[in-house]
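Engineer: Provided below for reference: sequence and predicted model.
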Amino acid sequence: MNKLSLLLVAVSVSINAFCQEVKENKGFYQFLTDDPNQKPFYSDRQGVVASNGMVASAHPEASKVGIDILKKGGNATDAAVAVQFALAVVHPSAGNIGGGGFFVYRTRKGKNYTLDFREKAPLKGHKDMYLDAKGDVIPGLSLTGHLASGVPGSVDGMVEVHKKFGNLPWNMLLQPAIDLAEKGVILTAKEATGLNRIKNDLLKVNSDTTYFRLPDGREWKAGDLLVQKDLGKTLRRIQEKGRAGFYEGETAALLVAEMERGKGFITDEDLNQYHSAWRTPLVGQYKDYKLITMPPVSSGGVALLQLLKFVEPYPLKRWGWHADSTIQVMIEAERRVYADRAKFLGDPDFVKVPVRELISPDYLKQRWEDFDFNKASESKVVKGGYIPTYESLETTHFSIVDKEGNAVSVTTTLNGGYGSRVVVKGAGFFMNNEMDDFSIKPGVPNMFGLIGSEANAIAPSKRMLSSMTPTIVEKGKKLYMVVGTPGGSTIITSVFQTILNVLEHGMTMQESVNAFKFHHQWLPDKTTFESGAFTEGVIQRLQSRGYILEMQRNTIGRMDCILVRPDGTLEGGSDPRGDDTSVGY
Ligand code: DON
């Protein structure tokens, strides 16, 4: 396409945008004018405000651990290490030492770092490991049991973070988690329900009973004390020996024995070879804001920057939050971005990921050419974009800001809730089922309905593609916001909405977290939304333009975020959809 036609496209996009604006501009919360009785928020929870430090995480005990570390003179990274280990105890469905994740860090002086401690496929892993003789996927094999696990990265990741940035001694950072494991943690209603949900799986994949399953299949209830003695011992070995306390010696022996018992693939060699990787942060701009986020092997950062660039030309603020035009441009951006994700994204150590091209204005402009306000695009037509040089080939988040203004954004995961459900016998922790994040067969959706291609096929020691999007936002060269969430494929769109809610719709951090969310991921070609996210009027107008809308029974996202307010105080916003809690001081 020549320059003139590109210009015409750009002009017609902005004329369309303008017409729509005139038609649809009904004030700040068009939502409320449409139906004054409908609330835009999941809850009326208020943010937590403090001046010296803030920890927002999935569990009140873990947030308290982080704040105690900050009060004892630890910096944000010390607190992050302590919170990661504490979550492994108090939030076993997602907090972990048997999983992996991503760490995004902005120092008070504005230097940025990202650490990739994502799991890797075992050396024995291969493309067809979840297929039967006919080449069909064996249901459940990449999700439950020993074969579902990648080589864990969390312990190595925390060791690396502490080596590079830590202030307090390592043993101090492990102690709170050890205490919680040995003395026990009081189960919340949500944690009790979670453990009850998996009680039969626990029996199926483990050779022995574990402390996660009550004798005789009794049910857990809120207020019960969960004591994790074996995990306590494992954490003590990590406390004493650091990396070697997990990847060597007794913990490694227990893990490998567990794998042998269940015909899993992870060996001593896999554990020895595992190392997390410092990556160059992915940095982008949205209006006056700078975004610091995770590069591949997360797809989250690339996708978030693409999404923001797609919507940047439109007057979202004037249209209003969840006005049909606002939703429409967001859905169409999501459709195109997830199609690209499926086609291009994978482990950069194995495949060339065209990151620069994917976020370049020319490419994005060309991807937007078929956008039409009058009619929904069709996912079967949209597909992944064309880049000429390209060769085909239960998660949890926490945000921390310390007194000095150092900021950490970490998302970490076992993948599904309680991962593969395998508890390493004698070592007392859940293993991940992250292998399902690979494309186990081209075109076959994973547990989040995401489809992948060759770029994300299994290979020995390769990392599986992720959607985790830990992100830090700067305004005027200063720290502004720390954001992230679990939620599988909905992570990217939840982070996108949470950022826009603050930047465009003037919400506080907590309001933005409370606000109802929606999601589109290219395929299946439908928009899911939380009950209450759209008014009847909006639903009808979108449907009349061809959008397929589906109300979700479940909630979307469990955000844990921090905003720096104009007076310099910090507002922690933690998701009322979970046990998530912000603690400040
Ligand atoms: O890395 C990913 O994208 C997934 N393993 C995340 C899984 C997840 O968020 C599940 N929790 N709700």
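Structural biologist: That came in fine, so what should we check first?
Engineer: Up against the ligand, what does this protein have?
Structural biologist: Residues of the chain lying near the ligand by CB under 6 Å from any ligand atom: 394-395, 413, 415, 434, 437, 466-468, 486-488, 491. For the C-beta atoms, the positions are set from N, CA and C on the backbone; glycine is no exception.
Engineer: and these, which two are the farthest apart?
Structural biologist: E434 and G487 (15.4 Å; CB to CB).
Engineer: out of the two, which sits in the more crowded spot?
Structural biologist: Counted by other CB atoms under 10 Å, E434 and G487 do not tie: E434 has more neighbours, with 30 against 27.
Engineer: So for that one, what's the pLDDT?
Structural biologist: pLDDT, E434: 96.
Engineer: Against the ligand, how distant is D208?
Structural biologist: Distance of D208 to the ligand, given as CB to the nearest ligand atom, to the nearest Å: 27 Å.
Engineer: again, but for K71
Structural biologist: Taking CB to the nearest ligand atom, one finds K71 at 30 Å from the ligand.
Engineer: burial count for that residue?
Structural biologist: So K71, with other CB under 10 Å, has 13 neighbours.
Engineer: ditto for I491
Structural biologist: For I491, using other CB under 10 Å, the count is 32.
Engineer: And stretch 91-104, end to end?
Structural biologist: With CA to CA, to the nearest Å as the measure, stretch 91-104 spans 21 Å from end to end.
Engineer: avg pLDDT for it?
Structural biologist: 98.
Engineer: repeat for stretch 338-352
Structural biologist: pLDDT averaged over stretch 338-352 gives 95.
Engineer: Ok, stretch 479-497 next?
Structural biologist: Across stretch 479-497, the average pLDDT comes to 97.
Engineer: same question, stretch 122-136
Structural biologist: On average, stretch 122-136 scores 96.
Engineer: Make residue 1 into 46 and carry on from there
Structural biologist: Sure thing, new numbering starts at 46, so read that last one as stretch 167-181.
Engineer: Look at it and report the distance between its end residues.
Structural biologist: Across stretch 167-181, first to last residue, CA to CA, it's 21 Å.
Engineer: Centre of the chain to that stretch, how far?
Structural biologist: 27 Å (CA atoms, centre = their mean, to the nearest Å).
Engineer: Touching it from outside, list them.
Structural biologist: Residues from elsewhere that reach stretch 167-181, judged by CB atoms under 8 Å, 6 or more residues apart in numbering: 182-183, 186-187, 192, 194-196, 309-312, 314-315, 318, 480, 485-486, 502-507.
Engineer: beta partners of T457?
Structural biologist: G146, T441 (DSSP bridges).
Engineer: just checking, it touches Q129?
Structural biologist: Yes: applying CB atoms under 8 Å as the test, T457 and Q129 come out as touching, 6.3 Å apart.
Engineer: hey, what's in contact with both of those two?
Structural biologist: Common neighbours of T457 and Q129 (CB under 8 Å, 6+ apart) are 140, 146, 199.
Engineer: Turn those residues into CSV, including distance to K244.
Structural biologist: Compiled in CSV, the shared contacts of T457 and Q129 are given as follows (distance: CB to CB, whole Å):
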residue, distance to K244
G140, 19
G146, 27
S199, 25
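Engineer: Let me know the helix or strand that the residue nearest the centre of the chain is in.
Structural biologist: In the chain, the C-alpha nearest the mean C-alpha coordinate belongs to M513, at 3.1 Å (CA atoms, centre = their mean). Element membership for M513, per DSSP states H and E: none, as it lies in no helix or strand.
Engineer: Provide the secondary structure category for G268.
Structural biologist: Here G268 is recorded as coil under DSSP: H, G, I helix; E, B strand; the rest coil.
Engineer: Tell me how far it lies from A107.
Structural biologist: 18 Å (CB to CB, to the nearest Å).
Engineer: more crowded one of these two?
Structural biologist: Using other CB under 10 Å as the criterion, G268 and A107 rank with A107 on top: 33 against 10.
Engineer: tell me the strands in the stretch 246-395 of the chain, going along the chain?
Structural biologist: Here the stretch 246-395 of the chain has its strands, by DSSP state E, counting those that start in this stretch, at 270-271, 322-324, 327-331, 334-338.
Engineer: most neighbours per residue, which of these?
Structural biologist: Comparing the strands of the stretch 246-395 of the chain by mean neighbour count (mean count of other CB atoms under 10 Å), strand 334-338 comes out on top with a mean of 22.
Engineer: Okay, now the sheet partners of it, with direction.
Structural biologist: Partners of strand 334-338 in the sheet, by DSSP bridges, are strand 327-331 (antiparallel), strand 516-520 (antiparallel).
Engineer: Let me know the average pLDDT across stretch 303-320.
Structural biologist: pLDDT averaged over stretch 303-320 gives 98.
Engineer: do stretch 415-426 as well
Structural biologist: Stretch 415-426 comes out at a mean pLDDT of 94.
Engineer: Lovely, talk soon.
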